[in-house]
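[1] Got a sequence here, can you build the structure:
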Amino acid sequence: MEGAIPFAIVVWICSLVFIAIGIYSLKRKTPMHFWSGTTVKVEEISDIKAYNKANGIMWISYGFTYIIGGILSLLFNTNIGGIIVAISSTLGIIILITVYNRIYQKYKK
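    This next block holds a predicted model:
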């Protein structure tokens, strides 16, 4: 159980970043981009509000996987939380890219 609290705090701070991105996406009036340094033009998206909502839900859901990792580290042990975070930060990235590409294709004009 030693180290579980600092681990959970760090993981929850990371989760807040992803959840903040999701909330930011939900509130944007222009299309949310996925890749750093890129933009999605208004002309590219058929329904900006639905597109941004889908992006927001994607990021918030991703952030919750880190929250779950922190909770499991406190309830059981840091190894279990670490496994969840490791899966989220490796396989989860691939899933994020796949989900984003589906969102983009769905709302692309």
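
[2] So which residues of the protein form helices?
    Listed in chain order, the helices found in the chain under DSSP state H are 4-27, 48-75, 78-107.

[3] Burial check on the closest residue to Tyr107 other than its chain neighbours, number of neighbours?
    If the residues on either side of it in the chain are set aside, Tyr107 comes closest to Tyr51, at 4.0 Å by CB to CB, 6 or more residues apart in numbering. Every residue, glycine included, has its C-beta placed from N, CA and C. Using other CB atoms under 10 Å as the criterion, Tyr51 is surrounded by 22 other residues.

[4] May I have the residues that are in contact with Tyr51?
    Pro31, Met32, Ile45, Ile103, Tyr104, Lys106, Tyr107 (CB atoms under 8 Å, 6 or more residues apart in numbering).

[5] now the helices of the chain as JSON lines including mean pLDDT and distance to Ser36?
    Supplementary listing: these in JSON lines, determined by pLDDT from 0 to 100; distance: least, CB to CB, whole Å:
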{"stretch": "helix 4-27", "mean pLDDT": "96", "distance to Ser36": "11"}
{"stretch": "helix 48-75", "mean pLDDT": "96", "distance to Ser36": "14"}
{"stretch": "helix 78-107", "mean pLDDT": "95", "distance to Ser36": "13"}
